[in-house]
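*Asks:* A structural model of the following input is requested.
(chains A, B, C and D, ligands or ions: 6)
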Amino acid sequence: MGRGALSGMFLIDAPLTARREVARGMFVISMHAPEIATAVRAGQFVNLGWSGGPLLRRPFSVYRVEGEHIEIVLKAVGAGTAELLTMQRGERLSCVGPLGHGYDFASRARSAVLISGGLGVAPMPLAARDARAAGLRVVWVHGARRAEELCHEADGDEVIWATDDGSLGTRGTAVSVAPDAEVVLACGPNRMLGAVAERWPDAQVAVETYMGCGTGVCLGCAVPLRRGGYDRACKEGPVYRAADVDWTALPSHLSYAVTV
Amino acid sequence: MGRGALSGMFLIDAPLTARREVARGMFVISMHAPEIATAVRAGQFVNLGWSGGPLLRRPFSVYRVEGEHIEIVLKAVGAGTAELLTMQRGERLSCVGPLGHGYDFASRARSAVLISGGLGVAPMPLAARDARAAGLRVVWVHGARRAEELCHEADGDEVIWATDDGSLGTRGTAVSVAPDAEVVLACGPNRMLGAVAERWPDAQVAVETYMGCGTGVCLGCAVPLRRGGYDRACKEGPVYRAADVDWTALPSHLSYAVTV
Amino acid sequence: MSVAVGTMQMRGPVLAASGTFGYGTEVPLLERRALGGMVSKGIFLRPREGTTPPRIAETPSGMLNAIGLQGPGADALVRDYAPQWAGWDFPVLVNINGESASEYGELTARLDGVPGIAGFEINISCPNVEQGGLYFGNDPRAAAAVTEAVRRRTKLPLWVKLTPMVSDIGVIARAVESAGADALCAINTFVGMSIDLNAFKPRLSFRTGGLSGPAIRPLAVHLAHQAARAVRIPVLGIGGITRAEDALEFLVAGCTAVQVGTATFVNPNAIADVHDGIAAFLEGRGFKSLADLPRYLPRD
Amino acid sequence: MSVAVGTMQMRGPVLAASGTFGYGTEVPLLERRALGGMVSKGIFLRPREGTTPPRIAETPSGMLNAIGLQGPGADALVRDYAPQWAGWDFPVLVNINGESASEYGELTARLDGVPGIAGFEINISCPNVEQGGLYFGNDPRAAAAVTEAVRRRTKLPLWVKLTPMVSDIGVIARAVESAGADALCAINTFVGMSIDLNAFKPRLSFRTGGLSGPAIRPLAVHLAHQAARAVRIPVLGIGGITRAEDALEFLVAGCTAVQVGTATFVNPNAIADVHDGIAAFLEGRGFKSLADLPRYLPRD
Ligand SMILES: Cc1cc2nc3c(=O)[nH]c(=O)nc-3n(C[C@H](O)[C@H](O)[C@H](O)COP(=O)(O)OP(=O)(O)OC[C@H]3O[C@@H](n4cnc5c(N)ncnc54)[C@H](O)[C@@H]3O)c2cc1C
Ligand SMILES: Cc1cc2nc3c(=O)[nH]c(=O)nc-3n(C[C@H](O)[C@H](O)[C@H](O)COP(=O)(O)OP(=O)(O)OC[C@H]3O[C@@H](n4cnc5c(N)ncnc54)[C@H](O)[C@@H]3O)c2cc1C
Ligand SMILES: Cc1cc2nc3c(=O)[nH]c(=O)nc-3n(C[C@H](O)[C@H](O)[C@H](O)COP(=O)(O)O)c2cc1C
Ligand SMILES: Cc1cc2nc3c(=O)[nH]c(=O)nc-3n(C[C@H](O)[C@H](O)[C@H](O)COP(=O)(O)O)c2cc1C
Ligand code: FES
Ligand code: FES
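*Replies:* Ligands and ions are numbered 1, 2, ... in the order given. All right, here's what the predicted structure looks like:
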């Protein structure tokens, strides 16, 4: 079942164990990856490869943990994700993780708001889990274009829905309808996170970049910083203090949140 | 169900419909390819591609025809054949064929001997069918290293088995144990066909080469001729008069018959 | 979707590349309505046997070939193929080859004016034939000399097909433009080698072969783009095109048309599929014609 | 499986390639027992920010990168990394870069003698950084000048990493051999481009990038073989190695050792897998050591 490793990074040959649809075209798949299930923190990701797949691995936030299983949520946005969604139970995914620096809950705050657009829901269930564990009261704000694109899994937290067309919840974006809180966490398309940065400079946001290695060696995942220079999304990120990122220089054409 | 074509060459998106093991590690798979099933003659082949497969198609002799289905016989000798053998019923193969010039039965002879080594069995059931239709009495000689590597499907013809270790039938090669006949057809590793050429210069032998296109345009499948120059295995071949081929210049390292 | 490459008018921007479509008579599968034009298999003045097999080897997303320009020679081409081409509804260009500039010229003289031959593509870049050293295509002066030798013998459209293994393709592109080329074709195959680990020698009997297929596409797009930036004449993009999106990369990068090679081996209808896909792309984005397609072609 | 590259003794023939293994401190997954050595990420004398994202794009069996040699500069390298390397049980070479021969020399002088630095690999071939024109690696004189400038400043093993986009790699290989190189590394990435069909411009903000990965392997094997035929010093093969068989192609084609790059991104344990696979191959064929492996290296 894989090769262990130092400093909490594992290379695991993980069988796919389950799949469910959580919004129109949005699926959650589960893998048996015990070491990662134990080690992963909210906002961290895994890098997936599979035989016959594309050359480079594909990064996915860990969505939930169920015992020895980890879950990711995805849509078919390109060849790789489309292939992942045709895989059958029992087929194996090569899984590197947990990777990156996730959300921090070290502060002595008492309320947290989790803001997600579209597939930006991905890190939120784990963020809610870790926030609750840190003693925070959690409100989750989730937006999408239409009702049927909202991910309806909420694990019992207070949820505010937002849709562009008002077909469910408040009409508007997740950012525009979110209440204030001491801790603000967000994930979604980079341009949405830019809006978060304007309203809450101290928000912790999970950005998305192309990735070569996912392990910090290639410098392909450069995140431009306000203070100049670049950080690695896969190592120092993917979670950043919103005001630290140079949003004008961060490409916003990535497809993660094509549907927000 | 595919795009028809002129001059009896078809491009068909053919579903895989069945699979059976006919010798140790040797499998027959069936495809629904009606136009090819109707048009194909003994010794002709199909060129198979599939999504997620290697760049180039892989050539396979047509083994049998069952109504609207064609069958091929193969072993896993490399990545492509290994993938083919993991495919499930209903998955689709892109199938170009029938290709090449097969065995001729135009003569007024009355007896035929079909000599095959290992996977060289591939064109023989169809050769037996077409030979019988041409009024020939058929004896089939089939050799392999060991009993369990012999393909046991014989469609009612007289069969002489040969094994290197004598574990079934006569000890020896198919060529060494074959009787004479007016029409001699052979298929197997190129070096076996070279032996056929020495004994029966007029034998019709199906050679194997690497193939780029299978349709006659790339000149990749060059077969060196005794009279000088090259023919295309995919167009003028794969069946040649044994004495016409320059056996010393035809690469014999191909794996078709790795196990003969 | 019609397009003009210099004075040559074509009904579509997708052509069959030399050596991958034979003489146009072999494969009956292609929906020919989609074929903008065809470049025939490379020919020499005299017949050539070609190289000893094995001649091809598969590589990741590509293939190596060393066919050695096997062909029947100019006389047989004129006798057997040109008459057929004369009746076709798309132009056929002949890919011409030689061992010296004068041999190129002689071959051109033999073919010029033959009905069915609409133009010439000079192959200055075939990496498969031992010419006792450097290829014409690696040296701007040699490339220009060949182009001039051919230009002197014909008024038909004259395209020059560039070799990719150069440090600066712009230099060669400008040299052959000055020497009278009407268009450039970029690019031919890259020289590669693959080793047989059973025999401990190259897989190809010729040792090296030309690499084609999707593997080379990013290199080809770059070189075609560099060529297009260097000259005023049209550039045809070639290298690893299998889908409409691939062809569109070349077109956006500054090419006027494209040629499809290896993909035809895999999908005998590739050219029609690429053609139709380009049309669908243009329609989907609301572009009325190819001329509306945005180009990325900064001139420096 | 131990191997000597010139005077440098290594416990195995598989090294980590520059820019694909960072400073050796990032990835904890590799079974390091298998690492013959490591070449650190390319460094300049002064810190460099690198290029604006996007910096990478996937292509068929390959990837383009334009990192722009982002790095902390020589002082930080000496301060933060060399002390760690000093304690490791495999040699670390530094991949050095400059904008002029004298800058290469200055950088070498700064790093020479620093504990932890076992040697230098001169990158004369990085296609990602605008140097106002040609690369050193395209011109035998410029390549030799850089090699000499470095050679004057160090007695440590000095490897020169060749650029692939040349007409005749043998000429460059011989030039840097004469200028004092102890070994050659062949090859660096090929320049490529990929177009974004939504934005109608290159996917990479730098426009072009270096192509690496399995796609280039047949080209790399050929160039490494050509380099090995041209010189007497050892050649390290690089380009598209993902499995032991790939490494063996380079070794049979005349290389003394190999470097693994992109494959490490996909399989963090690729180097150990390649190493172990080579050992298994040798054992399976009854070869006692790498020296027994048959080589295909005709000298002409
Ligand atoms: C840290 C991180 C966490 C992520 N978490 C999730 C998640 O939980 N769920 C989810 O569905 N997606 C997630 N993504 C995005 C996901 O990795 C990409 O959608 C996926 O790589 C696309 O692969 P593909 O082969 O389907 O698409 P491709 O065919 O490769 O490309 C389709 C489109 O996807 C985009 N894309 C391709 N590669 C990447 C990449 N490496 N990073 C970002 N965008 C890319 C491009 O814009 C391209 O147009 C995450 C990305 C990062 C960096
Ligand atoms: C006309 C013709 C008819 C054939 N009929 C059959 C058949 O009925 N049943 C069958 O099992 N095989 C047949 N073959 C051989 C079959 O095409 C190859 O075994 C197959 O292409 C190997 O593919 P692979 O991806 O599994 O192997 P690869 O990984 O490509 O290579 C494995 C080995 O197979 C050999 N090989 C690869 N490509 C070819 C090729 N195009 N032609 C020949 N050898 C190759 C090489 O020696 C290589 O070492 C036929 C070949 C030809 C030319
Ligand atoms: C089998 C084969 C034969 C070729 N023969 C020729 C030729 O005769 N003349 C020529 O100029 N190019 C020849 N080429 C090169 C192609 O025309 C084309 O430039 C190259 O294959 C790259 O395009 P592709 O990747 O679409 O195949 C040949 C290519 C292949 C694969
Ligand atoms: C992301 C990335 C960064 C690289 N950085 C450097 C570098 O700094 N210096 C250098 O000489 N080569 C660099 N290279 C080239 C590699 O060392 C290697 O030569 C090339 O990638 C081909 O090998 P591969 O196909 O195994 O990756 C880099 C390659 C990649 C993919
Ligand atoms: S993806 Fe390679 S450093 Fe981040
Ligand atoms: S395989 Fe292409 S001509 Fe025969």
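*Asks:* wait, is A:Leu185 part of a helix?
*Replies:* No. Read with DSSP: H, G, I helix; E, B strand; the rest coil, A:Leu185 is strand and lies in no helix.
*Asks:* for chain C, what is the nearest residue in chain A?
*Replies:* Using C-beta to the nearest C-beta, A:Leu55 is the residue of chain A that sits closest to chain C, at 8.8 Å. To be clear about C-beta, it is placed using only N, CA and C from the backbone, and glycine gets the same treatment.
*Asks:* so which residues on the stretch 1-150 of chain C come close to chain D?
*Replies:* C:59-62, C:64, C:134-135, C:138-139 (C-beta under 8 Å from any C-beta of the partner chain).
*Asks:* buried subset of these, written for PyMOL?
*Replies:* Buried subset of the residues of the stretch 1-150 of chain C next to chain D, written as a PyMOL selection, criterion 16 or more other C-beta atoms under 10 Å in any protein chain shown:
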select buried, chain C and resi 59+60+61+62+64+135+138+139
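*Asks:* what sits against the residue of chain A closest to chain C?
*Replies:* A:Leu55 makes contact with D:58, D:61-63, D:213-214, D:262, D:266, according to C-beta atoms under 8 Å, 6 or more residues apart in numbering or on different chains.
*Asks:* quick one: buried ones out of those residues?
*Replies:* Looks like the contacts of A:Leu55 have D:58, D:61-63, D:213-214, D:262, D:266 buried, using 16+ other C-beta under 10 Å.
*Asks:* closest to ligand 1 out of those residues?
*Replies:* Distance ranking of the buried ones among the contacts of A:Leu55 against ligand 1, using C-beta to the nearest ligand atom, places D:Glu58 first at 6.1 Å.
*Asks:* need the residues that contact the helix or strand encompassing that closest one.
*Replies:* Applying DSSP states H and E as the criterion places D:Glu58 in strand D:56-59. Strand D:56-59 is contacted from outside by A:54-56, A:210-212, A:218, A:220, C:214, C:217-218, D:63-66, D:192, D:194, D:203-204, D:209, D:211, D:213, D:215, using C-beta under 8 Å, 6+ apart.
*Asks:* tell me how far the helix or strand that it is followed by lies from the chain's centre.
*Replies:* Scanning forward in sequence from strand D:56-59 by DSSP H and E, the next helix or strand is strand D:62-65. In terms of C-alpha atoms, centre = their mean, to the nearest Å, the centre of strand D:62-65 is found 15 Å from the chain centre.
*Asks:* direction included, what does strand D:62-65 pair up with?
*Replies:* strand D:56-59 (antiparallel), strand D:208-212 (antiparallel) (DSSP bridges).
*Asks:* looking at the ones you listed, which is nearest to ligand 5?
*Replies:* Once those are compared by C-beta to the nearest ligand atom, strand D:56-59 is nearest, at 8.0 Å.
*Asks:* what does the average pLDDT come to for that closest one?
*Replies:* Average pLDDT, strand D:56-59: 97.
*Asks:* anything in it near ligand 3?
*Replies:* No. Judged by C-beta under 6 Å from any ligand atom, strand D:56-59 stays clear of ligand 3, getting no closer than 13.0 Å.
*Asks:* give me the number of neighbouring residues for A:Cys62.
*Replies:* Not quite, residue A:62 is Val, not Cys. Counted by other C-beta atoms under 10 Å in any protein chain shown, the residues lying close to A:Val62 total 29.
*Asks:* circling back: filter the contacts of strand D:56-59 down to the ones in helices?
*Replies:* C:217-218 (DSSP state H).
*Asks:* just the buried subset of the contacts of strand D:56-59, please.
*Replies:* For the contacts of strand D:56-59, a burial check counting by 16+ other C-beta under 10 Å picks out A:54-56, A:210-212, A:218, A:220, C:214, C:217-218, D:63-66, D:192, D:194, D:203-204, D:209, D:211, D:213, D:215.
*Asks:* what is the neighbour count of C:Met193?
*Replies:* Neighbours of C:Met193 (other C-beta under 10 Å): 28.
*Asks:* go on, A:Leu85?
*Replies:* Neighbour count of A:Leu85, defined by other C-beta under 10 Å: 15.
*Asks:* please look at A:Asp130 and A:Arg41 and confirm they touch.
*Replies:* Yes. If you go by C-beta atoms under 8 Å, A:Asp130 and A:Arg41 touch, sitting 6.4 Å apart.
*Asks:* between the two, which contacts overlap?
*Replies:* A:Tyr103.
*Asks:* need the contact list for residue 229.
*Replies:* Because you didn't say which chain, this covers chain A. D:Glu49.
*Asks:* think we crossed wires, I meant chain C
*Replies:* By C-beta under 8 Å, 6+ apart, the contact set of C:Arg229 is C:170, C:254, C:297-300.
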